[in-house]
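Peer 1: Structure for the following, please:
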Amino acid sequence: MQLDHLNVLAAFLTIAEERSFTKAAKRLGISRSALSHAVRGLEEQLGVRLLARTTRSVAPTDAGEQLIARLRPALGDVEAVLDEIVGLRDQPRGRVRLLVTPLSAAMVLAPRLAAFGRRFPDIVLEITTTQEGRTELVVAGFDAGIALGESIQRDMVAVRVSRDQRLAVVGSPAYFASHPKPATPHDVLTHRCINLRGGSARPYRWEFEKDGEAVTVDVAGRMIFDDADLMIRAAVEGLGLTFSFEEYVAPQIASGALVRVLEDWCPPFPGYFLYYPSRRQQPGALSALIDSLRLEGDPMSHTPVNALDAAAPRGHRIARLAPRAPGA
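Peer 2: The predicted model follows:
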């Protein structure tokens, strides 16, 4: 058994404390010969004798005493740091850099931030929002992200953090007072549509599905936003139809400010996932965030993306978990 430099120094300190190779070897759980060989190698490397040995006793030399005086506090500091690091498992602290889309921040993160902050006061959560659909997480310096499955790289581990989602086509009562409600996806081509652009991508193409039939429509309209709140406000003001997450426009639908159409063309699909690189040793702060956001009862938690793809039902593969949802 060979000892590295730090362990050799710790072994030397133990011998000095025990004044015996035999007792020190027993305390360290190694053989006496291995311990003697390691210390002899240290002395040869330094070119100085550190221990005076007799048949009955072992004592540090002057050089050994000087080393002990500096070594004991230094090793104590190392041990304290290691204990602190191990303690992160029980009391997580540190920084988590999280990349999210604006809608995932509003729908997944915002409702849980207060509880997370109270439970883990020593964790710094650094949140960056982006409209870009695909970002190299590790290259960009992030620990994790939240997105729909279609945006997640296949070498990531994905943890489901939301219920199934649906998209919704909505318009205001005032708009429908002067425009007929669309009965099929193609009917939206005759309507003024309010669209969303995600980052540098082209404006969203409205995607529908019913009974296995998929329809994609390039809608026309005078308004294109990169902000979902402004898009919904424009729809409430009667400026046209818009396409958003059902959950996101649920308050406006419930209040009557918006009316839903083409509901049978908007099937449910798996929602948001928190994703992160696969690691053997997970940082405690990231583990705490994962546990806080994970959807309870989800059988696919901590599952590689390609495994989720294989397990998903037909039509809901992870690479195309949903229509390319606006502002996802």
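Peer 1: which residues of the stretch 51-200 of the chain score low on pLDDT?
Peer 2: Residues of the stretch 51-200 of the chain meeting the criterion pLDDT under 70: 83-84, 86-90, 132-135, 199-200.
Peer 1: which non-adjacent residue is nearest residue 264?
Peer 2: residue 210 (6.0 Å; Cβ to Cβ, 6 or more residues apart in numbering). Where you see a C-beta, it was placed from the backbone N, CA and C, and this is true even at glycine.
Peer 1: Okay, that neighbour and residue 263: tell me how far apart.
Peer 2: Residue 210 sits 10 Å away from residue 263, going by Cβ to Cβ, to the nearest Å.
Peer 1: what does residue 293 give?
Peer 2: Distance of residue 293 to residue 263, computed by Cβ to Cβ: 29 Å.
Peer 1: For the stretch 51-200 of the chain, just list every one of the strands.
Peer 2: In the stretch 51-200 of the chain, the strands defined using DSSP state E, counting those that start in this stretch lie at 51-53, 58-60, 94-100, 123-129, 144-148, 156-160, 167-171, 193-196.
Peer 1: Reformat those strands as JSON lines; add mean neighbour count and distance to residue 221.
Peer 2: Formatted as JSON lines, the strands of the stretch 51-200 of the chain follow (neighbours: other Cβ atoms under 10 Å; distance: least, Cβ to Cβ, whole Å):
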{"stretch": "strand 51-53", "mean neighbour count": "15", "distance to residue 221": "85"}
{"stretch": "strand 58-60", "mean neighbour count": "18", "distance to residue 221": "84"}
{"stretch": "strand 94-100", "mean neighbour count": "19", "distance to residue 221": "27"}
{"stretch": "strand 123-129", "mean neighbour count": "15", "distance to residue 221": "24"}
{"stretch": "strand 144-148", "mean neighbour count": "25", "distance to residue 221": "23"}
{"stretch": "strand 156-160", "mean neighbour count": "23", "distance to residue 221": "33"}
{"stretch": "strand 167-171", "mean neighbour count": "25", "distance to residue 221": "12"}
{"stretch": "strand 193-196", "mean neighbour count": "24", "distance to residue 221": "4"}
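Peer 1: so residue 276, which of the three states?
Peer 2: Counting by DSSP: H, G, I helix; E, B strand; the rest coil, the backbone at residue 276 sits in strand.
Peer 1: pretty sure it is touching residue 153, no?
Peer 2: No: between residue 276 and residue 153 there is no contact under Cβ atoms under 8 Å: 10.7 Å.
Peer 1: Just want to know which of the two has more residues nearby.
Peer 2: Shown here are residue 276 and residue 153; by other Cβ atoms under 10 Å, residue 276 has more neighbours (25 against 15).
Peer 1: For residue 239, what are phi and psi?
Peer 2: Backbone torsions for residue 239, taken as degrees, to the nearest 10, come to phi -90, psi 0.
Peer 1: Now for it, how many residues are close by?
Peer 2: Neighbours of residue 239 under the rule other Cβ under 10 Å: 20.
Peer 1: Name all residues that make contact with it.
Peer 2: The contact partners of residue 239, by Cβ atoms under 8 Å, 6 or more residues apart in numbering, come to 175, 192, 194, 223.
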